[in-house]
Each structure stands twice: as C-alpha cells, then as structure tokens.
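> Quick one, structure for this:
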Amino acid sequence: MRAITVSENGGPEVLAAGERPDPEPGPGEVLIDVAAAGVNFIDVYYRTGLYQQALPYVPGVEAAGTVAAVGDGVTDFSAGDRVAWANVHGAYAERAVVPAKDVVPVPDGVSLEDAAASLLQGMTAHYLTHSTYRIQKGDTVLVHAAAGGMGLLLTQTAKALGARVIGTASTPEKEKLAREAGADVTMGYDGFSERVRELTGGEGVAVVYDGVGAPTFDGSLACVRRRGVLALYGAAGGPVPPFDPQRLNKAGSVYLTRPSLGHFVATREELLERAADVYGWVKSGEVRIHVGHRYALADAAAAHADLEARRSTGKLLLLP
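This next block holds a predicted model:
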C-alpha cells in the first residue's frame, strides 16, 4: 500500500511517500480502507518532535473509511461498515489497522469526507464547550483562529449553545469566513484584548478558547472575566513559556487549563457519545463542514506547509 512515513523529526520534508506492506488486523483490531484523512496541528507536533512518537511511524490521527476486515474478537464491526477514528496514528495511508475500541460508526447521511473532517476537531469542540467550560446562554466567548477548521467548529458550536462569539483571524478574508460561520464580531490579533474589553463593557469574556499559544496567551489572559476560564487547547503558534501562577490571581482568580481530547474520550461510552453528537450536528446541518483544500496522499508535505504558514482555512484533507 501507499503511505507516508516519518523516519526523523523535522520540517514537512520528512513526510516521505512510499510503499509499505499491507497491514493485517490482529485480535481486537479493525483493518480500514482509508477514504479521507484529516490534517491536524497535532500531526505537526508529532512530526517536529514536540510530542514524542517512536520512529519510524505513519502519521495522521484522524480518518474515515470502510472496514476491509476484522481481527479475532471484534463483534461491533464487520467488512463494509463505514467507520472513522481519531487519536490513533496511521491515517496517512491507503489502509490502517486500528483498535476496535477506538473506532466509531459513521451514520448514513454523513459522507466519509465530512466524517474525517469533523471527528477530531468536532469532539474537541464538544468537550471544550460542554465539559472544559459549559457555555451558558448569553455568555460572551472568544475563539482564536476562528476561520481554521477548529475555529469554525467552535464558533458554530458556541452559537448553537446561545453564546455571543468574538473571533480573531489573521486576514479580512478569514474574518469574513468566521462571520459566515456565526461569529458576531471578528477582529485581527493586534490589540485584541483591549477590543474585547471594550465589547464586553470592561468585564471580559466567560472563556477564551486559545489554540494558538505563545503569541496570544498574554492577551487571552488579559480579556478573561473574573473567575473566567482560559482554555489553552493547542499551541499552533508555539508553546507558552513558563509563567508565575500568581498572574491568574491578579487576572481575577482566572482558571487556566490545558485540556487534551484523549482525557475526554477516555472511555468507550464517552467516545461514542461525543462522536454521535458531532455526527448528529453534521447530519442535521447544525454544523457545516468547510473543507479548505484536498490533497493527494503524496502531497502531505504541502498540506503541512500550508497549515503551518496559515495559508489555509477550514479543514485540510488527504485523499489516498
């Protein structure tokens, strides 16, 4: 089969296209013909070595496809089933073997492309808005990078829960896309904390959803309301340097959390519930999936380069 392999940490150029032996499912595993694989910033973290992963490996932690075969002991799935997964490596390939416990069904009415484009980021938006900070009707929230795949889903989810959404984006074109997704107000990054304070009458927002990291962290902290939440769920712009926790006190007893999807789908029951909710949103049209670009598998390096350079909007997909 064709696959992308990472044999050393580094830039996009280490994503090498080539042939690998066809995998076979072992006990408790499912063999999946990959229809579409999601490209996510966590793939960049692993590629650069920011997150550790034994080398060599096939990257990609999100995909959807069709079950080709199942291993011994698998009863929930059979050949021909439409399925998806997140948080397991191996998606940048024509075929992947995934533990059955990490696989979720894709319902009729949801395309495999939409299934791949929405699962990881959709479940992230779900736990951020329902668990990390449960949005209440009337809350004002700040979503950074609101025109990215994650930001568009967060914006739509927050609006569905009754929030007023302020979104940041790096260009006027991206601001327009965020507004089309439901953002009430959009702005660039320069001076965003002051603007947010003005828009909230000096109070600040209930929660900041920050997947950018170092470039936005100080400003994010400065615009959270008293006893509000700063949810630092990613570091697309680089990791936040160590800081004095006393700053959280001075900011108004602000809660800072660095959540991760794995901790919010730690049980099979929770995984299935969140995935079902996400696919329910997609099927009903409550959440619209915006695929910014589709790439051939061999062009994985170009997809990573576009993602890191912020040349993209919405979700990026690889199509084996």
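
> those helices in the stretch 151-300 of the chain, which residues are they?
Taking DSSP state H, counting those that start in this stretch as the test, the helices found in the stretch 151-300 of the chain are 172-180, 192-199, 214-222, 246-250, 268-284, 300-308.

> need those helices in TSV with mean neighbour count and mean pLDDT, can you?
C-beta here means a position set from N, CA and C on the backbone, and glycine is covered the same way. Below are the helices of the stretch 151-300 of the chain laid out as TSV (neighbours: other C-beta atoms under 10 Å; pLDDT from 0 to 100):
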stretch	mean neighbour count	mean pLDDT
helix 172-180	18	97
helix 192-199	17	98
helix 214-222	20	98
helix 246-250	11	98
helix 268-284	18	98
helix 300-308	20	97
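
> In a markdown table, list the ones you listed along with distance to residue 240.
Shown next, in a markdown table, are the helices of the stretch 151-300 of the chain (distance: least, C-beta to C-beta, whole Å):
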| stretch | distance to residue 240 |
| --- | --- |
| helix 172-180 | 23 |
| helix 192-199 | 15 |
| helix 214-222 | 5 |
| helix 246-250 | 12 |
| helix 268-284 | 26 |
| helix 300-308 | 18 |
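
> looking at those, which is closest to residue 120?
Residue 120 lies closest to helix 268-284 among the helices of the stretch 151-300 of the chain, at 9.5 Å (C-beta to C-beta).

> which residues touch that closest one?
The contact list for helix 268-284 (C-beta atoms under 8 Å, 6 or more residues apart in numbering) reads 84, 101-102, 104, 106-107, 109-110, 114-115, 118-119, 122-123, 125-127, 156-157, 160, 264-265, 286-287, 289.

> how far is that helix from where the chain is centred?
15 Å (C-alpha atoms, centre = their mean, to the nearest Å).

> Using CSV, write down the CA coordinates of it.
The C-alpha coordinates for helix 268-284 follow below in CSV (Å, rounded to 0.1, in the frame of the first residue of the first chain):
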residue,chain,number,x,y,z
ARG,A,268,-15.7,3.8,25.1
GLU,A,269,-19.0,5.2,26.3
GLU,A,270,-17.8,8.8,26.3
LEU,A,271,-16.1,8.4,22.8
LEU,A,272,-19.3,7.0,21.3
GLU,A,273,-21.4,9.7,22.9
ARG,A,274,-19.3,12.6,21.7
ALA,A,275,-18.8,11.1,18.2
ALA,A,276,-22.6,10.6,17.9
ASP,A,277,-23.3,14.2,18.9
VAL,A,278,-20.8,15.5,16.4
TYR,A,279,-22.1,13.4,13.5
GLY,A,280,-25.6,14.3,14.6
TRP,A,281,-24.7,18.0,14.2
VAL,A,282,-23.2,17.4,10.8
LYS,A,283,-26.2,15.3,9.5
SER,A,284,-28.7,17.8,10.7
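
> Okay, and the residue nearest the centre of the chain sits in which element?
The centroid of the chain falls nearest to residue 121 when counting by C-alpha atoms, centre = their mean (3.0 Å). Using DSSP states H and E, residue 121 falls within helix 112-127.

> Which secondary structure state does residue 27 sit in?
Under the three-state scheme (DSSP: H, G, I helix; E, B strand; the rest coil), residue 27 adopts coil.

> what do you get for the one 4 residues further on?
Remark: residue 31 carries the secondary structure label strand [criterion: three-state DSSP].

> Residue 120 contacts residue 264, doesn't it?
No: assessed by C-beta atoms under 8 Å, residue 120 is found out of contact with residue 264, at 11.7 Å.

> Give the residues shared as contacts by these two.
Contacts common to residue 120 and residue 264, judged by C-beta under 8 Å, 6+ apart, are absent.
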